[in-house]
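> pasting a predicted model and its sequence here:
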Amino acid sequence: MAEVVNTAIRNPPQRLVVGISGASGVTYGVRVLDALRELGVESHLVVTRAALLTLSQETDLTPDDLTGRADVVHKLADVGATIASGSFRTLGMIVAPCSVRTMSEIATGVTSNLLTRAADVVLKERRPLVLMVRETPFHLGHLRTMTALTEMGAIIAPPLPAFYARPGSIEDIVDQSVGRALDQFGLDWSAVRRWDGLKGAPEA
């Protein structure tokens, strides 16, 4: 008898949960939404109150400008939202930027809002969870929390500049970090400048 393959299991719906928390660097979350729109991936956005404060300090965007970039917007307190259940299938979740408070709450599993609940769901379903942690320097507690999350299956991806890409602007730096984070979901964004080997390297 021929094997019947459920293609829905092998090919999850092209949708990604996007969390934006209150760390500096809200532009990373903005560009994640822009990238997903370009890639044709359905975005499910949840934003913390602190993130909206950061948005007002770091950009000229309004909350409506931000949420208008997403396909679906979920309220922070709506723990009955689709993304709060593992039966709602996604590619995973990215938190960009991810504050230390949000990171720590996810690590404990004691979640207080939809953003951290959605992240917990992604972990328990063994889907990719990418945390673009924004803090420096890290103290030992931060590092231990990141170790615990890595052991749980999360991917810690601080947005660090890749100077081999020869960025010419802040936008280039942001897009490179966002694109490399999206690589973790198998999403290939054209804004990423890929390493193509050494050019004109001196002979040893």
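Done, it's in.
> torsion angles phi and psi at the residue most central in space within the chain?
Centroid-nearest residue in the chain, with CA atoms, centre = their mean: residue 94, separated by 2.1 Å. Main-chain dihedrals, residue 94, degrees, to the nearest 10: phi -120, psi 140.
> so it makes contact with residue 28?
No. Between residue 94 and residue 28 there is no contact under CB atoms under 8 Å: 9.2 Å. Any C-beta I mention is one placed from the backbone N, CA and C, and that applies to glycine too.
> overlap in contacts of the two?
residue 132 (CB atoms under 8 Å, 6 or more residues apart in numbering).
> picking that back up, what score does the nearest residue to the residue nearest to the centre of the chain once chain neighbours are set aside have for pLDDT?
Closest residue to residue 94 apart from its sequence neighbours, by CB to CB, 6 or more residues apart in numbering: residue 130 at 4.5 Å. pLDDT, residue 130: 98.
> for residue 130, which residues are in contact?
So residue 130 contacts 92, 93, 94, 95, 96, 154, 155, 157, 181, 184, 185 (CB under 8 Å, 6+ apart).
> at 10 Å what do you get?
Applying CB atoms under 10 Å, 6 or more residues apart in numbering to residue 130 gives the contacts 16, 32, 92-96, 98, 122, 154-157, 180-185.
> are any of those residues buried, and if so which?
Burial by neighbour count, judged by 16 or more other CB atoms under 10 Å, picks out 16, 32, 92-96, 98, 122, 154-157, 180-182, 185 from the contacts of residue 130.
> fine, thanks again, bye for now.
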